[in-house]
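[1] Provided below are the primary sequence and the corresponding predicted coordinates.
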Amino acid sequence: MKTGWWQVFNPAIYLVSILPGAGVWMLVRPTSNDQTALILGTAAVVMLQHAINLLNDVSDWRLGADVNKLDSWVRFHHENLHTTSLHGGVSFLAGGMLGLGALFITGRFWILGIALPMIALGYLYNAGRRPLSYTRLGEWVTGLCYGPGVVGCLWLLSGQPVNMSAVLAMLAFAALAMSLLLSHQPPQIESDRLAGKHSFAVRYGARQTCRVSRGLFAIFLLACGFALWLSVHTTTTLVVFVLMAVLALYQTMQSPLNPKRILLPASTVIVASLAVFLLGA
């Protein structure tokens with residue numbers, strides 16, 4: 001069965017890479033040059049995520065997980081692992097070039113000392129016969145890459161010092177990424193178990209996985225709210241954030257839990273708050 005572009009490409013899933021950039025923008029109020037660098041940096045994260053998605057499908061196909069997944073990039077490339085890996089490699093290279101462009105604009109090449117180890121972790125998440133995604137470390141690696149990795153590097157790219165708002169932002173988006181990953185796991189428990197994957201859902205079951213996913217989403221909202229409060233935003237921005245956060249938490253508590261119930265409410269909260277902030281500014 002042929003898999004088309006419209007089936008395999010899921011734009012919503014890339015919100016997990018776009019939202020950290022929007023969150024950092026709202027918290028640090030970047031200057032003109034730093035705004036361009038922040039946009040390029042966010043685009044780099046999106047391309048790197050795309051590469052990891054491709055390489056993850058290749059890894060799962062080789063190891064026997066998700067072979068029945070209809071929206072796999074491997075199926076899109078007619079089950080040609082070499083072509084799928086090449087696609088991932090090109091996306092990885094594009095992300096690297098965009099990231100270097102952001103560093104060139106700001107001159108802060110020392111950020112590579114933090115970014116490169118995180119990129120290496122992202123690569124090891126899918127690489128080899130025993131990728132990190134197949135171990136008990138998979139969820140923690142995801143949180144580390146999106147928290148200190150993505151948010152931390154974007155924050156430094158903006159030229160702002162690391163303060164409590166930065167720490168809270170890193171915690172928030174680490175929790176969001178882990179919540180999203182867990183929400184994706186329950187339907188795949190049996191295939192993951194057969195493939196030897198030690199995901200959280202395989203170890204603790206669907207009910208506990210959904211409970212922890214919702215808890216992590218609540219941590220995301222709380223950490224974001226405190227970060228906004230510390231950044232001395234207007235009362236209007238904070239009120240809008242709190243109202244949207246309550247609505248988002250309610251939506252996430254509905255069953256069944258799935259990635260859309262995590263990403264879409266999170267996007268509503270960040271986009272609404274950012275819009276109010278920009279209008280106020």
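    Arrived safely, thanks for sending. What you see is a predicted model, and the numbers here were worked out from it, not measured in a lab.
[2] quick one: the helices in this protein?
    Taking DSSP state H, the helices of the chain run over residues 5-8, 15-28, 32-63, 73-76, 81-106, 112-124, 138-144, 152-157, 164-184, 189-194, 200-204, 206-230, 235-252, 259-280.
[3] got the contact list for the second one?
    Counting contacts by C-beta atoms under 8 Å, 6 or more residues apart in numbering, the residues outside helix 15-28 that touch it are 34-35, 38-39, 41-42, 45-46, 48-49, 146, 150-151, 154-155, 158, 160, 165-166, 169, 172-173, 176-177, 180, 224, 227-228, 231, 233, 263, 266-267, 270-271, 273-274, 277. (Each C-beta comes from the backbone N, C-alpha and C, glycine too.)
[4] for PyMOL, what selects the buried ones among those?
    Remark: buried members of those, expressed as a PyMOL selection using 16 or more other C-beta atoms under 10 Å:
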select buried, resi 34+38+39+41+42+45+46+48+49+146+150+151+154+155+158+160+165+166+169+172+173+176+177+180+224+227+228+231+233+263+266+267+270+271+273+274+277
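[5] ok so, going back, of the helices of the chain, which shows the lowest average pLDDT?
    Note on the helices of the chain: helix 5-8 shows the lowest mean pLDDT, a mean of 62.
[6] mind listing what Ala174 touches?
    Ala174 sits next to 143-144, 146-148, 151 when contact means C-beta under 8 Å, 6+ apart.
[7] for those, which one is nearest Leu86?
    In terms of C-beta to C-beta, no member of those lies closer to Leu86 than Tyr146, at 25.7 Å.
[8] quick check: Ser72 vs His82, distance?
    Separation of Ser72 from His82 (C-beta to C-beta, to the nearest Å) stands at 15 Å.
[9] the two: which has the busier surroundings?
    Neighbours were counted for Ser72 and for His82 using other C-beta atoms under 10 Å; Ser72 has more, 23 against 9.
[10] find the nearest non-adjacent residue to Val162, please.
    Spatial nearest neighbour of Val162, chain neighbours left out: Trp155 (6.8 Å); criterion: C-beta to C-beta, 6 or more residues apart in numbering.
[11] hang on, Thr106 packs against Asn33?
    Yes. When contacts are counted by C-beta atoms under 8 Å, Thr106 is listed as touching Asn33 (6.7 Å).
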